[in-house]
Each structure stands twice: as C-alpha cells, then as structure tokens.
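1. this one's structure only:
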C-alpha cells in the first residue's frame with residue numbers, strides 16, 4: 001500500500017508541476033490555463049495511486065494497476081479537443097491540447113512515485129512551451145512571416161474587417177492573440193502573418209491603419 005506521507009507528497013508535487021506548465025499557458029491567454037493543468041495533473045496522480053492500491057488490496061492477478069490509468073491517456077482526448085478552436089482557415093489550441101495530454105502523463109508518473117521522470121518531464125514540457133516558441137517565431141520570420149501588433153477598438157466585427165482587408169492583399173493569418181487593455185475599451189491584437197514575397201509590409205501597414213477602429217499598427221522585421 002502507498003503510505004499517507006507518500007500520497008501527500010505526490011499530490012503536492014502534482015499540483016506544483018502542473019501549475020508550472022499551466023502558468024505558462026495562462027500567460028498567453030490559452031483556454032486551458034493554470035487551474036486546468038493543476039486539476040489534470042492532480043487527478044491523474046490520484047487515479048494512478050488508486051490503481052496501485054487496488055493491486056495491493058485484491059488477490060494477486062485479480063487487479064491490473066495499469067488498466068484504470070490507461071483510461072486517462074485515452075480520456076484526455078475529450079478534454080484536449082475542447083481547447084482546439086477553428087478560426088476561419090486557422091486552427092489554434094493544438095499546443096495546449098498537447099500540453100494537457102503530456103501533463104496527464106506526468107501526473108501518472110508522479111502517482112506511481114517516479115519523481116525523476118516527472119521532474120525531467122516537467123522541465124522538458126516547460127522549456128518546449130517557452131524557449132521553443134521563440135525558435136518557431138524565428139523560423140517563421142525567415143519564411144516571410146511577420147508579427148504585427150494592432151491597437152484596436154474592442155468592438156464586435158473588428159476582426160472581420162481586419163481579416164477582409166488582409167484577404168484582399170492575399171495575406172494569410174497564421175496565429176492570433178488578443179490582449180485586453182485594462183480599464184479601456186481597446187485591445188491589443190497580435191497577428192502572425194504570412195506575407196506574399198511580392199508584397200511590401202508598408203502596404204500592409206497602411207491598409208490596416210486606414211481601417212475604422214484601428215488606432216495603431218506596429219510590425220517586427222524578420
């Protein structure tokens with residue numbers, strides 16, 4: 001049987017490790033953030049410990065400690081699917097869905113008492129979400145991808161007019177991030193755009209600046 005002290009340690013570590021990854025997702029305004037990752041990790045650890053204790057409670061060969069835990073891996077597909085959103089031709093939330101799936105695995109490792117695996121796994125997941133995001137942006141810049149930041153009025157239909165204007169220029173939106181400006185009816189819209197080789201960014205900036213409800217446009221050179 002797993003001792004009460006071990007149970008407490010494993011659940012506390014699950015909350016801490018899950019919170020580390022969840023905080024990163026929270027800072028980038030993803031659907032599944034801080035609390036969601038903690039709940040998934042702690043729940044997975046609980047399920048793993050329950051499975052292991054059942055193995056000790058019943059006669060040898062009558063209980064499989066991996067059977068219940070295996071359902072976590074398949075069941076995470078339903079929760080992960082809820083974080084994947086489709087916006088026009090673009091899909092977002094895949095990374096968050098993957099982080100939830102990975103954090104469930106890490107919770108199972110903690111529940112089984114595999115502290116080294118869980119610790120190293122948490123480190124790799126966190127570095128993947130933080131450092132490799134910058135690598136992705138660097139690669140995107142080399143592929144004629146541009147990051148544009150717009151200060152816009154926080155009103156319905158604003159994204160539609162921006163998307164229409166970019167569509168006329170044959171500019172594709174690859175990533176969207178919206179940040180509310182505190183105590184204001186404005187928002188910051190961060191777009192990762194794929195710009196055709198023949199199109200100068202000055203034209204894109206001018207086109208966006210002339211739209212109603214767009215107050216400021218900035219872009220980063222690749």
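-> Sure thing, it's come through. Quick caveat: nothing in here was measured; it's all calculated off a predicted structure.

2. where does pLDDT dip in the chain?
-> 29-32, 58-63, 65, 83-92, 136-137, 139-143, 221-222 (pLDDT under 70).

3. can you give me the helices in it?
-> Applying DSSP state H to the chain gives helices spanning 4-27, 34-57, 65-81, 94-111, 115-142, 158-168, 201-209.

4. if you compare those helices, which one is most tucked away?
-> Highest mean neighbour count of those: helix 94-111, a mean of 23 (counted as mean count of other C-beta atoms under 10 Å). (Each C-beta comes from the backbone N, C-alpha and C, glycine too.)

5. quick check: the residue nearest to residue 39 when sequence neighbours are not counted vs residue 106, distance?
-> Once flanking residues are discounted, residue 39 sits nearest to residue 18: 7.7 Å by C-beta to C-beta, 6 or more residues apart in numbering. For residue 18, the distance to residue 106 equals 8 Å [C-beta to C-beta, to the nearest Å].

6. residues near residue 196, how many?
-> Each residue near residue 196 was counted by other C-beta atoms under 10 Å, and the total is 10.

7. oh, I was asking about residue 216
-> For residue 216, the count of nearby residues is 12 (other C-beta under 10 Å).

8. returning to that earlier point: pretty sure the residue nearest to residue 39 contacts residue 107?
-> Yes - counting by C-beta atoms under 8 Å, residue 107 is a contact partner of residue 18 at 6.8 Å.

9. rebuild the helices of the chain as JSON lines, extending it with distance to residue 219.
-> Output for the helices of the chain, formatted as JSON lines (distance: least, C-beta to C-beta, whole Å):
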{"stretch": "helix 4-27", "distance to residue 219": "22"}
{"stretch": "helix 34-57", "distance to residue 219": "31"}
{"stretch": "helix 65-81", "distance to residue 219": "33"}
{"stretch": "helix 94-111", "distance to residue 219": "23"}
{"stretch": "helix 115-142", "distance to residue 219": "11"}
{"stretch": "helix 158-168", "distance to residue 219": "12"}
{"stretch": "helix 201-209", "distance to residue 219": "6"}
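
10. would you tell me which of the ones you listed gets closest to residue 174?
-> The closest of these to residue 174 is helix 115-142. By C-beta to C-beta, the value is 7.3 Å.

11. tilt between that closest one and helix 94-111?
-> 170 degrees (axes from the mean of the first three to the mean of the last three C-alpha atoms, to 10 degrees).

12. quick one: the spatially closest residue to residue 81 that is not a sequence neighbour and residue 35, what's the gap?
-> In space, and not counting its chain neighbours, residue 81 is closest to residue 97: 7.0 Å by C-beta to C-beta, 6+ apart. According to C-beta to C-beta, residue 97 and residue 35 sit 17 Å apart.

13. what residues are shared contacts of residue 18 and residue 106?
-> Contact criterion C-beta atoms under 8 Å, 6 or more residues apart in numbering; residues shared by residue 18 and residue 106: residue 41.
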